[in-house]
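Asks: How does the following fold in three dimensions:
(one chain, ligands or ions: 1)
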Amino acid sequence: MTEWIGTANRGFASLAMEELRRVINGIKITQLTAGEVFRIEVPLSREDMLDLLQRNEPIFLRHIQPIDRILPIQGNADDLQALSDLVRHARMRCENVTTAVHYRRVEGTRFPYSAADTKSVLDAVIMELGSETTMQSPEQILSIFAGVDELYVGWGTPAEQLSDWPGGAIRFQREEGQISRAKFKLLEAERAFKLYLEEFREALDIGAAPGGWTHLLLERGLRVTSVDPADLHPSLKAYPRLTAMKKNASDVKFPPGTFDLLVCDMSWSPMQMAKLVLEKTDALRDGATAIITIKLMHKKPLQTIRDVIARLESSFQLKKAKQLFHNRDEITLYLVKNN
Ligand SMILES: C[S@@+](CC[C@H](N)C(=O)[O-])C[C@H]1O[C@@H](n2cnc3c(N)ncnc32)[C@H](O)[C@@H]1O
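Replies: Below is the predicted model of the structure:
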């Protein structure tokens with residue numbers, strides 16, 4: 001038996017739980033933060049659980065940390081001392097690896113220390129053990145989650161925890177003159193799916209306005225054809241590599257094999273979106289990549305996702321489906337066009 005803390009985007013924990021229940025018999029789940037963070041008990045070893053998650057990664061599970069130790073919270077200075085002692089006694093875990101300390105909490109926790117204080121004390125303990133702490137690309141993460149009365153402590157690699165950000169809440173710097181927050185979705189997709197956007201040459205952006213995604217693709221050096229009945233931000237006119245078509249995507253046609261990347265963020269009925277994307281597949285080269293958001297309608301989101309994927313699989317291979325931190329009522333698909 002092992003215990004874990006799972007995190008989903010706010011309001012989507014029930015879907016993450018449903019996905020987990022489907023693949024793990026005998027799982028027990030209790031809520032820690034409503035709609036977002038939950039504690040899981042599974043009749044599996046750590047290795048078997050990690051292996052299972054790797055093979056069936058739930059779309060709505062944004063982050064998972066093992067619970068290696070549980071510390072009762074007293075609500076006083078002893079708490080940080082006890083946590084420091086726990087880490088000090090785990091010297092072996094810190095040997096020869098760089099470690100990041102992540103701290104999260106439920107509202108109303110009795111643990112009296114701030115994230116900054118907790119982290120600086122634990123960073124000092126880890127350094128005292130002769131090991132290095134880092135926030136950038138750590139080899140392992142020491143994750144601490146403060147519940148109301150208990151601290152849950154676990155170690156894992158970023159890949160095991162599904163993210164190298166606390167709780168999977170990845171943040172990007174807001175830029176001056178940023179066209180839309182939507183840009184963060186594509187930036188996150190690039191990292192989450194290990195894509196290198198600059199390796200593509202010719203992109204088609206469907207549902208492009210106001211142009212956050214188009215802007216990122218132009219910044220990465222691609223030629224971009226953007227299609228949207230709405231206007232793109234005027235600043236994009238400065239890019240000679242941009243072709244802007246102020247049209248409905250169903251009214252445009254392209255020569256076969258024109259694009260090696262399709263991005264589509266239409267916030268539209270999922271089935272209509274799938275139909276429209278399939279109409280454009282001839283315009284894509286074999287092996288072209290597609291990054292597509294699926295808007296979640298109110299009814300049966302998991303079924304909608306399965307239906308859309310099944311439809312797209314007539315022309316694409318699904319690489320990954322994930323609700324990213326920057327997705328709101330949607331998920332993101334990473335697909336590759338069949339040869
Ligand atoms: C969420 S916004 C896209 C945001 C964009 N990714 C960005 O980064 O700025 C959705 C866009 O899809 C467009 N859209 C909806 N249906 C469309 C269609 N059939 N053809 C083209 N664009 C469409 C809307 O006009 C809207 O501008």
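
Asks: residue contacts, residue 331?
Replies: 59-60, 293-294, 296, 305, 321-324 (C-beta atoms under 8 Å, 6 or more residues apart in numbering). In this view, the C-beta of every residue, glycine as well, is placed from N, C-alpha and C.

Asks: three-state assignment of it?
Replies: Applying DSSP: H, G, I helix; E, B strand; the rest coil to residue 331 yields a three-state assignment of strand.

Asks: So residue 215 versus residue 29, what's the distance?
Replies: Distance of residue 215 to residue 29, computed by C-beta to C-beta, to the nearest Å: 41 Å.

Asks: quick one, which of those two is more surrounded?
Replies: residue 215 (28 against 18; other C-beta atoms under 10 Å).

Asks: correct me, but residue 97 touches residue 140?
Replies: Yes - under the criterion of C-beta atoms under 8 Å, residue 97 makes contact with residue 140 at 5.2 Å.

Asks: neighbour count winner among the two?
Replies: Higher neighbour count among residue 97 and residue 140: residue 140, with 18 against 13, using other C-beta under 10 Å.

Asks: residues contacting the more buried one?
Replies: Contact analysis of residue 140 by C-beta under 8 Å, 6+ apart lists 93, 97-100, 155-158.

Asks: For PyMOL, what selects the buried ones among those?
Replies: Per 16 or more other C-beta atoms under 10 Å, the buried members of those correspond to this PyMOL selection:
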select buried, resi 93+98+99+100+155+156
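
Asks: min pLDDT across the contacts of residue 140, which one?
Replies: Lowest pLDDT of these: residue 93, 81.

Asks: Please, which helix or strand holds that one?
Replies: helix 91-94 (DSSP states H and E).

Asks: Could you list every helix and strand in contact with the next helix or strand after that helix?
Replies: The element immediately downstream of helix 91-94 (helix or strand, assigned by DSSP H and E) is strand 98-105. With contacts defined as 3 or more C-beta pairs under 8 Å, 6 or more residues apart in numbering; DSSP states H and E, strand 98-105 has these neighbours: helix 115-128, strand 132-133, strand 140-146.

Asks: So which residues make contact with the helix holding residue 93?
Replies: Contacting residues not belonging to helix 91-94 are listed as 87, 126, 129, 131, 140, 142, 155 [C-beta under 8 Å, 6+ apart].

Asks: I'd like those as TSV, with distance to residue 204 appended.
Replies: Below are those laid out as TSV (distance: C-beta to C-beta, whole Å):
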residue	distance to residue 204
87	50
126	47
129	52
131	48
140	40
142	43
155	43
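
Asks: Highest mean neighbour count out of the helices and strands packed on strand 98-105?
Replies: strand 140-146 (a mean of 24; mean count of other C-beta atoms under 10 Å).

Asks: quick one: average confidence on that strand?
Replies: 96.

Asks: Pull the distance from it to the chain's centre.
Replies: Centroid separation for strand 140-146 versus its chain: 18 Å, with C-alpha atoms, centre = their mean, to the nearest Å.

Asks: Name every strand pairing with it and say which way it goes.
Replies: strand 98-105 (parallel), strand 150-156 (antiparallel) (DSSP bridges).

Asks: right, and those strands - which one's nearest the ligand?
Replies: strand 98-105 (29.0 Å; C-beta to the nearest ligand atom).

Asks: who wins for most neighbours among the contacts of residue 331?
Replies: Neighbour-wise, the contacts of residue 331 (other C-beta under 10 Å) top out at residue 294, 29 neighbours.

Asks: Name all residues that make contact with it.
Replies: So residue 294 contacts 270, 273, 304-305, 308, 330-333 (C-beta under 8 Å, 6+ apart).

Asks: From those residues, pick the one nearest residue 189.
Replies: Sorting the contacts of residue 294 by how near they are to residue 189, with C-beta to C-beta, puts residue 332 at the top with 5.3 Å.
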